[in-house]
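# Have a look; sequence and predicted model below, questions after that.
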Amino acid sequence: MELQRSAVGLFLGFLVLSVAPLSTARFVVEKNSLRVTSPDKIKGKYDSAIGNFGLPQYGGSMSGAVIYPKENQKGCKEFSEFGLSYKSDPGALPTFLLVDRGDCFFALKVWNAQKAGASAVLVADNIEEALITMDTPEEDISTAKYIENITIPSALIEKSFGQTLKKAISSGDMVNVYLDWRESVPHPDDRVEYELWTNSNDECGVKCDMLMEFTKEFRGAAQILEKGGYTQFTPHYITWYCPRAFTLSKQCKSQCINHGRYCAPDPEQDFSTGYEGKDVVIENLRQLCVFKVANETQKPWVWWDYVTDFQIRCPMKEKKYNKECADAVIKSLGLDSKKIDKCMGDSDADSENPVLKEEQDAQDDGGVQCKCPPGFKGDGVKTCDDIDECKEKKACQCPECSCKNTWGSYDCSCSGNLLYIKDHDTCISKTSGGSKSSAWAAVWVILIGLAMASGGAYLVYKYRLRSYMDSEIRAIMAQYMPLDSQAEVPNHVNDEHA
């Protein structure tokens, strides 16, 4: 299979980041070089396929001693159950554990080997065939516990090579292997080739924010690498198509161009306000043509300038996401706007657009992962069929509700003088009539009751406060003068002086 890798950027390898919702498409085999350094009789270079889990050391290499277990040779059980450990002694070469294919997931074999102390895993195929990628199994409760914790590299080797290694090990030879990942990254003409699957929509939430931030931060490094001849970069844009049964619908016309052939979800997920999906498709197409025109002038790195400048100068929030703003950015970069317009073609034509058709073909065959937009079901590549929320009873199910299916969504109305509340899937009265008067009467009764209770409490408080004050005053006065109820005390001092 053709060696290819889709990625967002180059960070000691590739960071895979999808901007649009993802699922599965064709998987591409990545190979790395495996060289036997001893014994002499099997010295040589062999192919191996990199596992799609763990941490392959892209751009690096690793040496180790190969060991084939005497028990649990398929690695489907924990090696500790057999009293086996493959932790390397201090100063010794790392252990590369050789296990056989079959009976359990590739990832489980590697996980068990990692727990036993192995530094890498070689899986020997059990049939003679072209090498395939050891893929990650679909996650469930059991697999999710270990897949994300695998930190060692692994590779699949051909059955015949596996038998050669086993024979050498069984004869007592020390088998040393050198793994080299420097050739696993595509590099035509000594340049690293990488791709970015992106989207011009800046209102899709966290994913869009992450992509815009990445584009701004990686712009400088990407341009330096491209100008220096170290990399070859290609941007790609994901599109969907409208099912033929809905090409004349309002939703399809608002989200698609070229009569439903190329579509994007509504940025605000609201067909009645803001920008439409077709605005996103047109800007995606413009950015592809900017790259093509810049590439023709031997300056493909100008694409990074256009994309980042457009994000800053023409955001949707400021209502500047349009051709006028885009043309201003194009002009500031010295690009030929006429060539770009010609590249874009007629978005209203009932025909294929060569640029977007090429993107859809790459989307199907290039290893990018896709899934249908909200409101649709299918594999995201060949089919995306509208979900009938009414028929499948996924919404608008209250007794007073009346449901009507639309493309990618549904309309729900209520009978009589009722209003539909989507968040609660229920109907409520627009005007409450007689119950409104009753409600206000109840409110007034409550308010009056609270006022009376507050007044009574205030009077009690004032009475208690006054009583307390009176008693305190009497106590103070008793210290300086006799009270009315006490007899007057004779003043003997005055008598003596008299």
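Looks like it came in fine.

# what residues does stretch 265-272 touch?
Outside stretch 265-272, the residues that touch it by CB atoms under 8 Å, 6 or more residues apart in numbering are 201, 203-204, 240, 250-251, 254-255, 274-277, 279-280, 316, 373-374, 409. In short, each C-beta sits where N, CA and C put it, glycine included.

# Could you rerun that using 10 Å?
Stretch 265-272 has contacts (CB atoms under 10 Å, 6 or more residues apart in numbering) with 20-21, 199-204, 208, 240, 250-251, 254-255, 273-280, 316, 321, 372-376, 406-409.

# List only buried entries from those.
Neighbour-count burial (16 or more other CB atoms under 10 Å) is assigned, among the contacts of stretch 265-272, to 20-21, 199-204, 208, 240, 251, 254-255, 274-280, 316, 321, 372-373, 375-376, 406-409.

# So which of those residues sit within strands?
If you go by DSSP state E, those have 376, 406, 409 in strands.

# same question for the strand or helix carrying residue 308, mean pLDDT?
Applying DSSP states H and E as the criterion places residue 308 in helix 302-313. Across helix 302-313, pLDDT averages out at 95.

# For burial, what's the neighbour tally of residue 471?
When neighbours are counted by other CB atoms under 10 Å, residue 471 registers 10.

# and it, that's in a strand?
No - assignment of residue 471 by DSSP: H, G, I helix; E, B strand; the rest coil gives helix, placing it outside any strand.

# What's the first helix or strand after the lowest-mean-pLDDT helix or strand in the chain?
Taking mean pLDDT, DSSP states H and E as the measure, strand 14-15 is the helix or strand of the chain with the lowest mean score, a mean of 30. Using DSSP H and E, the helix or strand that follows strand 14-15 in sequence is strand 31-38.

# Distance from the helix holding residue 308 to the middle of the chain?
23 Å (CA atoms, centre = their mean, to the nearest Å).

# Against which helices or strands is that helix packed?
Helix 302-313 sits against strand 192-198, helix 206-227, strand 231-237, helix 277-296, helix 323-332, with contacts defined as 3 or more CB pairs under 10 Å, 6 or more residues apart in numbering; DSSP states H and E.

# Turn the ones you listed into CSV, columns for distance to residue 44 and mean pLDDT.
Below are the helices and strands packed on helix 302-313 laid out as CSV (distance: least, CB to CB, whole Å; pLDDT from 0 to 100):
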stretch, distance to residue 44, mean pLDDT
strand 192-198, 27, 84
helix 206-227, 34, 88
strand 231-237, 31, 91
helix 277-296, 41, 95
helix 323-332, 54, 96
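
# For residue 385, find the nearest of the ones you listed.
Ranking the helices and strands packed on helix 302-313 by proximity to residue 385 (CB to CB) places helix 277-296 first, at 17.4 Å.

# so the closest one versus strand 192-198, what angle?
Relative orientation of helix 277-296 with respect to strand 192-198: 160 degrees, computed using axes from the mean of the first three to the mean of the last three CA atoms, to 10 degrees.

# Pull out the CA atoms of helix 277-296 and give them to me as CSV.
Output of helix 277-296 as CSV, limited to C-alpha atoms (Å, rounded to 0.1, in the frame of the first residue of the first chain):
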residue,chain,number,x,y,z
GLY,A,277,-23.0,26.1,5.6
LYS,A,278,-22.5,27.0,2.0
ASP,A,279,-20.6,30.1,3.2
VAL,A,280,-18.1,27.8,4.9
VAL,A,281,-17.8,25.6,1.8
ILE,A,282,-17.0,28.6,-0.4
GLU,A,283,-14.4,29.9,2.0
ASN,A,284,-12.9,26.5,2.2
LEU,A,285,-12.7,26.4,-1.6
ARG,A,286,-11.1,29.9,-1.6
GLN,A,287,-8.4,28.7,0.8
LEU,A,288,-7.6,25.7,-1.3
CYS,A,289,-7.3,27.9,-4.4
VAL,A,290,-5.1,30.3,-2.4
PHE,A,291,-2.8,27.4,-1.7
LYS,A,292,-2.8,26.3,-5.4
VAL,A,293,-2.0,29.8,-6.7
ALA,A,294,0.7,30.3,-4.1
ASN,A,295,2.2,26.9,-4.9
GLU,A,296,2.3,27.9,-8.6
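
# now the angle from it to helix 323-332?
Compare the direction of helix 277-296 with that of helix 323-332 by the same axes, to 10 degrees and you get 10 degrees.

# buried stuff in helix 277-296?
Of all the residues in helix 277-296, those buried under the rule 16+ other CB under 10 Å are 277-291, 293-294.

# Output the contacting helices and strands for that helix.
Judged by 3+ CB pairs under 10 Å, 6+ apart, helix 277-296 is in contact with strand 231-237, helix 250-255, strand 256-257, strand 262-263, helix 302-313, helix 323-332, helix 337-344, helix 354-365.

# a markdown table please, covering these and showing distance to residue 91.
Listed next are the helices and strands packed on helix 277-296 as a markdown table, based on distance: least, CB to CB, whole Å:
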| stretch | distance to residue 91 |
| --- | --- |
| strand 231-237 | 39 |
| helix 250-255 | 63 |
| strand 256-257 | 64 |
| strand 262-263 | 60 |
| helix 302-313 | 47 |
| helix 323-332 | 59 |
| helix 337-344 | 61 |
| helix 354-365 | 48 |
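
# low-scoring stretches of the stretch 101-250 of the chain, by residue?
Along the stretch 101-250 of the chain, the model assigns pLDDT under 70 to residues 137-144, 182-190.

# Run a quick check on residue 224 versus residue 233, I expect a contact.
No - between residue 224 and residue 233 there is no contact under CB atoms under 10 Å: 11.8 Å.

# Mind checking which of these two has more residues around it?
Per other CB under 10 Å, whichever of residue 224 and residue 233 has more neighbours is residue 233, with 22 against 12.

# mind listing what the more buried one touches?
Here residue 233 is in contact with 9-10, 191-196, 222-223, 225-226, 291, 295, 300-301, 303-304 (CB under 10 Å, 6+ apart).

# List buried residues within those residues.
9-10, 191-196, 222-223, 225-226, 291, 300-301, 303-304.

# got the residue ranges for the strands in the stretch 351-498 of the chain?
376-377, 385-386, 401-406, 409-414, 418-421, 426-429 (DSSP state E, counting those that start in this stretch).

# would you turn these into TSV with mean pLDDT and distance to residue 88?
As requested, the strands of the stretch 351-498 of the chain are exported to TSV (pLDDT from 0 to 100; distance: least, CB to CB, whole Å):
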stretch	mean pLDDT	distance to residue 88
strand 376-377	78	50
strand 385-386	76	54
strand 401-406	86	62
strand 409-414	84	58
strand 418-421	82	64
strand 426-429	81	64
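
# With respect to residue 245, which of the ones you listed lies nearest?
Among the strands of the stretch 351-498 of the chain, strand 385-386 comes nearest to residue 245, with 8.0 Å by CB to CB.

# which helices and strands sit right next to that closest one?
Counting contacts by 3+ CB pairs under 10 Å, 6+ apart, strand 385-386 packs against strand 376-377.
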